[in-house]
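In: All I have is the shape, not the residue letters:
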């Protein structure tokens, strides 16, 4: 009876069990009743009322329109009482009209871009016929009314207000030009993408003027875009095979990591002080340990895998103490989740109990989160049309505040 989810009064539903669908309906609308226009009855006509609908009977959903409907901030009064298929409903919701113009499928003979500068006028997957109502991208399309554009030309005009392609930036490079112009590039001909730089390039808010006219591979382009230089620092340079070994003496698998990281003195990852490790090479496991905890030493709980005999949750109320995929041995130094783990020092927890203590600070399961028995998996809303068919059922308790609603009338 104390539930306040969605700001609703749940007291009238105290003690009931509702399925997920009914729970969400009450949380959002304050009622378990479905409006007539949302119900699907066997005798209801499943045909779109719009006379120009291309597939009036093929929709998987139909909408009965009420005169006071305000969806999409449109005026639906002219359609009151009519039935719309999903496509026509979305058309009116987004554009305020049922008439299709630009989006009407074109005949095969009309599927050709009319822009004379288009390099592939017949190869587009999508073609757009422009009319007087077209306003995509906030551009002035009046000069193109009646024309047909392929998707490439349409997108270029929508984004830039012109159909012209700039030869320097967008014209495909010849095979002989696909080579990175940076002298220090290690693989100048191996890139999948190459970029020719012109005076208008502003990617990454960098000054590209010194590179105008040059061609860069993707790796060099991204480096300059992110850092304003083509130079590679030593820390990002691939390690030689003989350097791919963790420098930490206590590492258990110094040669087996999929990733090795060379540490430099100005590194700040994880907010840690990396200066004592400057110049060292760490495997991925040791790197992440130092990043997360500020030390390379293993904690007591991670020194070695638990033997099979110890893989059991020691919490006496655990419902499945032997069935977890992962078990955690707790030491007194743990501070995961900002919780005080000292009362659990030396114990072993399954993943479920470990996560519960990490987030809630207690091992006790709340009744609301306790799994429902098969006999309790039924919605208690008397008007629910499918009380047994939901994939999820929620028991309401007095502490429920989901959606800012008042759940008090549904407690139990």
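Out: Cool, the structure landed. Everything numeric here is computed off the predicted structure, so don't read it as measured data.

In: Please make it C-alpha for all contacts and neighbour counts, starting now.
Out: Will do.

In: helix or strand right after the worst-scoring helix or strand of the chain on mean pLDDT?
Out: Here the helix or strand of the chain ranked lowest by mean pLDDT, DSSP states H and E is helix 167-170, holding a mean of 48. Next helix or strand after helix 167-170 toward the C-terminus (DSSP states H and E): strand 194-196.

In: burial count for the residue lying closest to residue 230 once chain neighbours are set aside?
Out: Of all residues not flanking residue 230 in the chain, residue 224 sits nearest, at 5.3 Å (CA to CA, 6 or more residues apart in numbering). Residues lying near residue 224 (other CA atoms under 10 Å) number 20.

In: separation between residue 224 and residue 87?
Out: Distance of residue 224 to residue 87, given as CA to CA, to the nearest Å: 46 Å.

In: For stretch 337-354, which residues meet the burial criterion?
Out: Going by neighbour count (16 or more other CA atoms under 10 Å), the buried part of stretch 337-354 is 340-341, 344, 346-354.

In: scratch that, stretch 52-60 is what I was asking about
Out: The neighbour-count check on stretch 52-60 (16+ other CA under 10 Å) flags 53, 56-57 as buried.

In: Endpoints of that stretch, how far apart?
Out: Note: stretch 52-60 ends 18 Å apart using CA to CA.

In: which residues are in contact with it?
Out: Applying CA atoms under 8 Å, 6 or more residues apart in numbering, the contact partners of stretch 52-60 are 46-50, 85-88, 99.

In: with those residues in mind, which one is nearest to residue 194?
Out: Nearest to residue 194, judged by CA to CA, of the contacts of stretch 52-60 is residue 87 at 41.6 Å.

In: Find me the pLDDT at that closest one, would you?
Out: For residue 87, the pLDDT comes out at 89.

In: Three-state assignment for the residue lying closest to it once chain neighbours are set aside, please.
Out: Excluding the flanking residues, the one nearest residue 87 by CA to CA, 6+ apart is residue 59, at 7.6 Å. Three-state assignment for residue 59 (DSSP: H, G, I helix; E, B strand; the rest coil): coil.

In: other SSEs contacting the host helix or strand of the residue nearest to residue 230?
Out: Residue 224 belongs to helix 218-227 when assigned by DSSP H and E. The elements that helix 218-227 packs onto, with contact taken as 3 or more CA pairs under 8 Å, 6 or more residues apart in numbering; DSSP states H and E, are strand 194-196.

In: Distance from the strand it packs on to the middle of the chain?
Out: Strand 194-196 has its C-alpha centroid displaced from the chain centroid by 30 Å (CA atoms, centre = their mean, to the nearest Å).

In: quick one: average pLDDT of that strand?
Out: On average, strand 194-196 scores 88.

In: Does that strand pack against any helices or strands, and if so which?
Out: The contact analysis (3+ CA pairs under 8 Å, 6+ apart) places strand 194-196 against helix 167-170, strand 215-217, helix 218-227.
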